[in-house]
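[1] With the input below, show me the fold.
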Amino acid sequence: MHQLRILAILGTLLTGAASATAADLGRPYDGGSLKDEYVAPVFRWHGFYMGAHAGYGWSDKAWTLIDNAGDGDTNRIGTVITSHSADGWLGGIQAGFNHQAGQFVYGIEGELAWTGMEGSSAWVAGPGGPNAGVARDATTDINWLATVAGRLGVTFDRSLVYVKLGAAWADEDYAHTGGSVATVRRFTESDTRFGWLLGAGLEHAIDTNWSVKFEYNYIDFGDERMSLTDGTRTAVFDIDQDMHIVKMGLNYRFDWDRAAPLK
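    All right, here's what the predicted structure looks like:
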């Protein structure tokens, strides 16, 4: 008898538990707050980051003749005597900091790139001078490029669309071949150009720490007077320059915020 009563009680308990479970499973969620409800975390862009980038650039240069080192050809003084594009691949590193306020992200970023950008052009000395018809050339090599810029962007979860505005420096070597048929002279000068930068890009987070970016930069270095010398004479040019850069980068964020579940 005791065994039958125990079996009956167990049966009753099991039946009640099964009924309660079925009732809970069948009850629709009424919109109330459940403490253990899982909510996907909000993605955050805040934090320090470092990375690397690679890309391609081209820089348009116009050379205006100011002083021809005493080689005559005075009828071209003050005119654009030649122009060329210094282009090539580049690669470097970047570091920065982002702060996020709602959907907006703002911060600062610095970049340093080594470049293989170079270009040259040639012309012939004009009539009327002692060296009429003698070939001339101008060459530009861009060694490195550095930028510091502020960034402002709008987030779409794991994607960030941004613009940037800042300053740029370019270390460059200039060369010019002049003189006469009998005496060829090579004039050289090195300079670090300074200008302003305007850019735009898209950055997308691969996971919590890693992100990739695609970016375009326009840099205006303005017009600067360059004195190229061979040690004896000096040729002077005003060189107007702007630059275009397209690049792809990879960033690692050190302290990317991990948001808690929403309350």
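
[2] Look up how far D137 lies from D240.
    In this structure, D240 and D137 are separated by 18 Å, where distance is defined by Cβ to Cβ, to the nearest Å. Using the backbone N, CA and C atoms, a C-beta is placed for each residue, glycine as well.

[3] burial of D223, as a residue count?
    Per other Cβ atoms under 10 Å, the neighbour tally for D223 reads 10.

[4] residue contacts, it?
    Listed by Cβ atoms under 8 Å, 6 or more residues apart in numbering, the contact set of D223 reads 238-241.

[5] now those as a markdown table including neighbour count and distance to V124?
    As requested, the contacts of D223 are exported to a markdown table (neighbours: other Cβ atoms under 10 Å; distance: Cβ to Cβ, whole Å):
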| residue | neighbour count | distance to V124 |
| --- | --- | --- |
| D238 | 15 | 20 |
| I239 | 22 | 20 |
| D240 | 17 | 22 |
| Q241 | 22 | 24 |
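
[6] from those, which ones fall inside strands?
    Residues from those lying in strands, with DSSP state E as the criterion: 238-241.

[7] I figured V246 hits A54, correct?
    No. Checked against Cβ atoms under 8 Å, the pair V246 and A54 is beyond contact range at 10.3 Å.

[8] Next, show the common contact partners of those two.
    Taking Cβ under 8 Å, 6+ apart as the contact criterion, no residue touches both V246 and A54.

[9] Out of the contacts of D223, which is nearest to S159?
    For these, the minimum distance to S159 (Cβ to Cβ) is 33.7 Å, reached by Q241.

[10] What residues does that closest one make contact with?
    Q241 neighbours (Cβ under 8 Å, 6+ apart): 59-62, 193, 195, 221-224.

[11] swap the cut-off to 6 Å and go again
    Listed by Cβ atoms under 6 Å, 6 or more residues apart in numbering, the contact set of Q241 reads 59, 61, 221.

[12] Quickly note the distance from G249 to W210.
    11 Å.

[13] who has more neighbours, these two?
    Set side by side, G249 and W210 show unequal neighbour counts under other Cβ under 10 Å, the larger going to G249 at 21 against 14.

[14] Surely that one is in contact with G55?
    No. In this structure, G249 is not within contact of G55 by Cβ atoms under 6 Å, at 8.3 Å.

[15] so where's the stretch 51-200 of the chain uncertain?
    Filtered on pLDDT under 70, the stretch 51-200 of the chain yields the residue ranges 70-75, 126-133, 179-182.
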